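*Asks:* Below is the structure, and that's it, no one-letter string:
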């Protein structure tokens, strides 16, 4: 088909045609590996601790993984410029597989933490490349579909992770769960040479690593990640505040840096900064799912497995909203969709919060599920258009890859801050699970409403 006759937004059939199905599989597979690993590890960790010990390091399995992911996600554009899409993916998959092998054979929790750090280094690259390579590996009319497919893998991971980890843990074979991830990583790697281009369409040179910006942002992420597991609300609040100050310092340093983490267009008159802020709002809201299983067990008496799938309701809504939303291409419709995103998030969280009660029965649990799905739909409908908006809001054409790679960095940092804030709110109502849940959900709903302004500005030409 001649380019002039291509639709503004391609179809799913075109994306999954023989020409692009390998590319789509690699882009989606990398993010799916990352997302599945996050939830798989959570579900099998108690069983692993029974065998290798290390209860005191429980929370650090997530912390070291997140910090390593943040660091590597900020190097995506540098690795991509130096090695091209094909080389960058093979590097990410190799590091991820190596870390997963270390986790699988670890005799102690200390070595498992080393494996998690290596996993995070590879996983952060894979998650960032999933967005950064879209504009190099797919034609522009398939960018929205590609972004939707990549983002939908977080929903897939939310279901696949607990299921795979739970089954292996149930039979006392938690190490083989990591082995399954290694096999999956090798399968994706086998597709890379024939599915991805060796170089990007844009002739770019590897930029120097933004060491100072990287240090500030990594330290901020470390503080807020550790803050989320602190027993004292006062210490947690102080660490979150310190992390926020470092984040402000990062923005100031990155704005002045000749080669920063964020593309220069972030600090210009373009709408890119508003795109990123909207992503921040939605990513922070998504972190409520961390505590939903806890609320399900304590307020409704759900079994751990059922409570885990209650927490996955938000991810289900994300996927439900994302797939049809990717078909929209008319600017006025896209604008309405993006603005509606944070509004639906607020409505969904408020719905669940309004119907919270102790000893909830099936009817109320069903309402909770509906509320979480609505919130997830709000994130899902806006996300693919925000991803494409990041690629197209840059001042210079050569910044497209950097702008899309930064989506993952922004998301990871927002998740870290969101999880820390959620921990603070839950701790404030610690004596009452009901009060903790209401405080968390209503506060995050208010943050989502504040995000409506950023969403509106992100859609200005």
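*Replies:* Received the coordinates, thanks. Bear in mind the structure is a predicted one, so any value in this text is a computation, not a measurement.
*Asks:* Every contact and neighbour count from this point should use C-alpha atoms.
*Replies:* Will do.
*Asks:* could you give the mean pLDDT of stretch 124-137?
*Replies:* Taken as a whole, stretch 124-137 has a mean pLDDT of 84.
*Asks:* And for it, what's in contact with it?
*Replies:* 23, 27-28, 30-31, 34, 68-73, 75-77, 85, 88-89, 92-93, 143, 146-147, 150, 196-197, 200-201, 387, 391, 400-409 (C-alpha atoms under 8 Å, 6 or more residues apart in numbering).
*Asks:* which of these are buried?
*Replies:* Taking 16 or more other C-alpha atoms under 10 Å as the criterion, what is buried in the contacts of stretch 124-137 is 23, 27-28, 30-31, 34, 68-73, 75-77, 85, 88-89, 92-93, 143, 146-147, 150, 196-197, 200, 387, 391, 400-409.
*Asks:* What residues does residue 178 make contact with?
*Replies:* By C-alpha under 8 Å, 6+ apart, the neighbours of residue 178 are 100-101, 103-104.
*Asks:* Check the gap between residue 430 and residue 346 for me.
*Replies:* 23 Å (C-alpha to C-alpha, to the nearest Å).
*Asks:* Between the two, point out the one with more neighbours.
*Replies:* Between residue 430 and residue 346, counted using other C-alpha atoms under 10 Å, the more crowded position is residue 346 (28 against 14).
*Asks:* what's the helix or strand for that one?
*Replies:* Per DSSP states H and E, residue 346 falls inside helix 331-354.
*Asks:* Counting by contacts, list what the following helix or strand past that helix packs against.
*Replies:* Later in the chain than helix 331-354, the nearest helix or strand by DSSP H and E is helix 362-392. Secondary-structure packing of helix 362-392 (3 or more C-alpha pairs under 8 Å, 6 or more residues apart in numbering; DSSP states H and E): helix 143-170, helix 272-286, helix 313-325, helix 331-354, helix 400-428.
*Asks:* What are the buried residues along helix 362-392?
*Replies:* Buried-residue list, helix 362-392, by 16+ other C-alpha under 10 Å: 364-365, 367-392.
*Asks:* Check the gap between residue 424 and residue 93 for me.
*Replies:* According to C-alpha to C-alpha, residue 424 stands 35 Å off from residue 93.
*Asks:* can you check residue 87 too?
*Replies:* According to C-alpha to C-alpha, residue 87 stands 10 Å off from residue 93.
*Asks:* Residue 143 too?
*Replies:* Counting by C-alpha to C-alpha, the gap from residue 143 to residue 93 is 23 Å.
*Asks:* One more: residue 117?
*Replies:* As defined by C-alpha to C-alpha, residue 117 lies at a distance of 14 Å from residue 93.
*Asks:* again with residue 402
*Replies:* Remark: distance between residue 402 and residue 93 (C-alpha to C-alpha) = 20 Å.
*Asks:* Any idea which helix or strand in the protein has the lowest mean pLDDT?
*Replies:* Within the chain, confidence by mean pLDDT, DSSP states H and E is lowest for helix 304-311 among all helices and strands, at a mean of 70.
*Asks:* Secondary structure element holding residue 94?
*Replies:* Counting by DSSP H and E, residue 94 is found in helix 76-105.
*Asks:* same for that helix, what does it pack against?
*Replies:* Contacting helix 76-105 under the criterion 3+ C-alpha pairs under 8 Å, 6+ apart are the following elements: helix 109-132, helix 174-195, helix 400-428.
*Asks:* where does residue 431 land in three-state SS?
*Replies:* coil (DSSP: H, G, I helix; E, B strand; the rest coil).
*Asks:* How many neighbouring residues does it have?
*Replies:* 10.
*Asks:* can you tell me the average pLDDT over stretch 83-90?
*Replies:* Mean predicted confidence for stretch 83-90 is 90.
*Asks:* what sits up against that stretch?
*Replies:* Residues outside stretch 83-90 that contact it (C-alpha under 8 Å, 6+ apart) are 79-80, 125-126, 129, 133, 136, 189, 192-193, 196-200.
*Asks:* mind running it again at 7 Å?
*Replies:* When contacts are defined by C-alpha atoms under 7 Å, 6 or more residues apart in numbering, stretch 83-90 is touched by residues 79-80, 126, 133, 189, 192-193, 196-200.
*Asks:* among the residues you listed, who's most crowded?
*Replies:* residue 126 (34 neighbours).
*Asks:* gap between it and residue 117?
*Replies:* Taking C-alpha to C-alpha as the measure, residue 126 falls 14 Å from residue 117.
*Asks:* again with residue 258
*Replies:* Taken as C-alpha to C-alpha, the span from residue 258 to residue 117 is 29 Å.
*Asks:* cool, and residue 183?
*Replies:* From residue 183 to residue 117 the distance is 19 Å (C-alpha to C-alpha).
*Asks:* Between the two, tell me which one has more neighbours.
*Replies:* residue 117 (25 against 12).
*Asks:* was I right about that one contacting residue 64?
*Replies:* Yes - in this structure, residue 117 is within contact of residue 64 by C-alpha atoms under 7 Å, at 5.4 Å.
*Asks:* could the helices and strands packed on helix 362-392 go into CSV alongside distance to residue 220?
*Replies:* CSV is the format used below for those (distance: least, C-alpha to C-alpha, whole Å):
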stretch, distance to residue 220
helix 143-170, 24
helix 272-286, 15
helix 313-325, 27
helix 331-354, 25
helix 400-428, 9
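*Asks:* Dump these into a markdown table; add mean pLDDT and distance to residue 176 as well.
*Replies:* Shown next, in a markdown table, are the helices and strands packed on helix 362-392 (pLDDT from 0 to 100; distance: least, C-alpha to C-alpha, whole Å):
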| stretch | mean pLDDT | distance to residue 176 |
| --- | --- | --- |
| helix 143-170 | 78 | 7 |
| helix 272-286 | 90 | 29 |
| helix 313-325 | 84 | 26 |
| helix 331-354 | 93 | 37 |
| helix 400-428 | 75 | 28 |
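*Asks:* So for residue 232, which of the ones you listed sits nearest?
*Replies:* helix 400-428 (8.2 Å; C-alpha to C-alpha).
*Asks:* Against which helices or strands is the closest one packed?
*Replies:* helix 60-73, helix 76-105, helix 109-132, helix 211-227, helix 233-256, helix 272-286, helix 362-392, helix 433-458 (3 or more C-alpha pairs under 7 Å, 6 or more residues apart in numbering; DSSP states H and E).
*Asks:* Buried deepest among the ones you listed, which one?
*Replies:* Highest mean neighbour count of those: helix 109-132, a mean of 27 (counted as mean count of other C-alpha atoms under 10 Å).
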